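Novice: Provided below for reference: sequence and predicted model.
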Amino acid sequence: LLIRQYEEERDLNVFFVLDCSSGMIFGSTEKLKNEYSAEVVISLAFTILDAGDSVGLIMFGDKINKKVYPGKGKGQFYSIVKALNDPDNYGGGFNFDEVTDFILHYVKESAIVIFISDFIGLKESSLDKLKLITNKYDTVGVMVRDPRDKTLPGDAGQVVIEDPYSNKSLLIEPKLIKEVYEEEMKKQEKWIKDAFVSNKSDFLSLTTDKPFVKPVVGLFTERTIKWR
């Protein structure tokens, strides 16, 4: 009698694609959007590497600021943490087409691609590139926004706001435009979510004033059930 036991082969290849543009260097809470996003990457990378799978990292702005080739083990975890802690890897514009072109030529087809960004500045013309990504890879979109990306303070007087990409500033009175601003932000967030979901990708929305552990666990629990 011959008994053979097969052990399931696991060799996932996960790529984190992190938005490091100047727009992510903003925060009205304890953490900037880029700090919060880096913590999400570190937490997930540790879990994935601990399971014996491979992790890679692409940090982008208006160009590819840094790439960490996929690898396994503690050494890979330290390489990712080192890249995330380097201030030289942050800043610049937001060029989604640049990073998607890079992914399509650089990342293997079997990979899981996880975008982490506020997606502010995503153009309608870029949706074709996103569709190419979602057709080729198992894709997850994680939108990280600050509370001020969603609403304006109603009790403030006149304030100066600045575009992080052009450095142009504008004097506004928040209470006069608060409702219009909130409605426009809701429309924008829905448009971004629909762009991922309509292409059969998973999507998660996070805000920097709330812990990310529970919603992230919920997302990947749903993915596990879906792919059984």
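Specialist: Sure, I can see it. Because the structure is predicted, anything quoted here is derived from the model rather than measured. Residues are numbered from 1 along each chain as shown.

Novice: got a list of contacts for the longest helix along the chain?
Specialist: Of all segments of type helix in the chain, defined using DSSP state H, the longest is helix 174-197. Helix 174-197 is touched from outside by 119-120, 122, 127, 130, 134, 139, 141, 143, 145, 149-156, 159, 202-203, 205, with contacts defined as CB atoms under 8 Å, 6 or more residues apart in numbering. Any C-beta I mention is one placed from the backbone N, CA and C, and that applies to glycine too.

Novice: pLDDT averaged over that helix - what is it?
Specialist: Averaging pLDDT along helix 174-197 gives 93.

Novice: So which bits of it are buried?
Specialist: Buried residues in helix 174-197, counted by 16 or more other CB atoms under 10 Å: 174, 181, 185, 188, 189, 192, 193, 195, 196.

Novice: Let me know the next secondary structure element after the least confident helix or strand in the chain by mean pLDDT.
Specialist: Within the chain, confidence by mean pLDDT, DSSP states H and E is lowest for strand 159-162 among all helices and strands, at a mean of 80. Remark: after strand 159-162, the chain's next helix or strand is strand 169-172, criterion DSSP states H and E.

Novice: Residue 108: what secondary structure?
Specialist: Under DSSP: H, G, I helix; E, B strand; the rest coil, residue 108 falls in the coil class.

Novice: How about it: what's its closest non-neighbour residue?
Specialist: Distances taken as CB to CB, 6 or more residues apart in numbering put residue 13 closest to residue 108, at 6.2 Å, once the chain neighbours are dropped.

Novice: So what sits opposite the one you found in the bridge?
Specialist: Beta-bridge pairing of residue 13 under DSSP bridges involves residue 54.

Novice: shouldn't it be in contact with residue 54?
Specialist: Yes: counting by CB atoms under 8 Å, residue 13 does reach residue 54; the two are 4.7 Å apart.

Novice: I'd like to check what contacts the one helix or strand residue 144 maps to. Which residues are they?
Specialist: Counting by DSSP H and E, the element that carries residue 144 is strand 138-145. Defining contact as CB under 8 Å, 6+ apart, one finds that strand 138-145 is touched by 24, 33, 36-37, 40, 111-119, 133, 189, 192-193, 195-196, 199, 201-208, 219.
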